[in-house]
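Asker: With the sequence up front, the predicted model follows.
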Amino acid sequence: MVDDTPESLIPYDEIVQEALRDVVGRVLREVESTGMLPGGHHFYITFKTRLAGVSIPKHLMERFPDEMTIVIQHRFWDLKVDDDHFSVGLSFGGIPSTLVVPFAAVTDFVDPAVDFSLKFQASGAPADHESPEPPENDSPTVTPVDDGSNVVAVDFTRKK
């Protein structure tokens, strides 16, 4: 059977993802306005740490180079919600930290108190980070061939 469904010119997946991220923003705005979580609600928020706009302390970036899950429950402060991101103060190993997370970087939002969960595909470009130092063993060795031709021998073997 051949699928004759035409390819959509409307990006429905992106529209739905954006609408669901708005749910997360609305919930966090409610907490921001009251300064506390209602009842037994608490949130697990997972996000990509290397996407543009994410700001977390260096020691957390080293510990969570790709993805990180935070818990917003008892000990958080300065929750601020904007249209495209939120920031929150949390403590990690006794060290207070402020995190800034764009909604586009969020991959999971869970409220286990009511068995509510949303999954997303992270969108956006990775943040520009320092380029790694070039490897020391990848430089080719160029040896001219002395036979009157314009041939050059290149050896890509590993240095020892």
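Answerer: Arrived safely, thanks for sending.

Asker: bridging residues for the residue most central in space within the chain?
Answerer: Centroid-nearest residue in the chain: residue 48, 1.6 Å away (criterion: Cα atoms, centre = their mean). On the basis of DSSP bridges, residue 48 is bridged to residue 67.

Asker: Show me which positions of the helix ranked longest in the chain end up buried.
Answerer: Criterion DSSP state H: the longest helix present in the chain is helix 12-34. For helix 12-34, burial by neighbour count (16 or more other Cβ atoms under 10 Å) applies to 17, 21, 24-25, 27-28, 31. Bear in mind the C-beta positions are built from the backbone N, C-alpha and C, glycine included.

Asker: Show residues contacting it.
Answerer: Residues outside helix 12-34 that contact it (Cβ atoms under 8 Å, 6 or more residues apart in numbering): 37-38, 43, 45, 72, 79-81, 83, 86, 103-104, 106, 109, 111, 118, 120-121, 123.

Asker: what sits against residue 115?
Answerer: Going by Cβ under 8 Å, 6+ apart, residue 115 touches no other residue.

Asker: ok, now the one 3 residues further on?
Answerer: For residue 118, the contacting residues are 20, 23-24, 108-110, taking Cβ under 8 Å, 6+ apart as the criterion.

Asker: Tell me the spacing between the residue nearest to the centre of the chain and residue 122.
Answerer: Distance, residue 48 to residue 122, by Cβ to Cβ, to the nearest Å: 4 Å.
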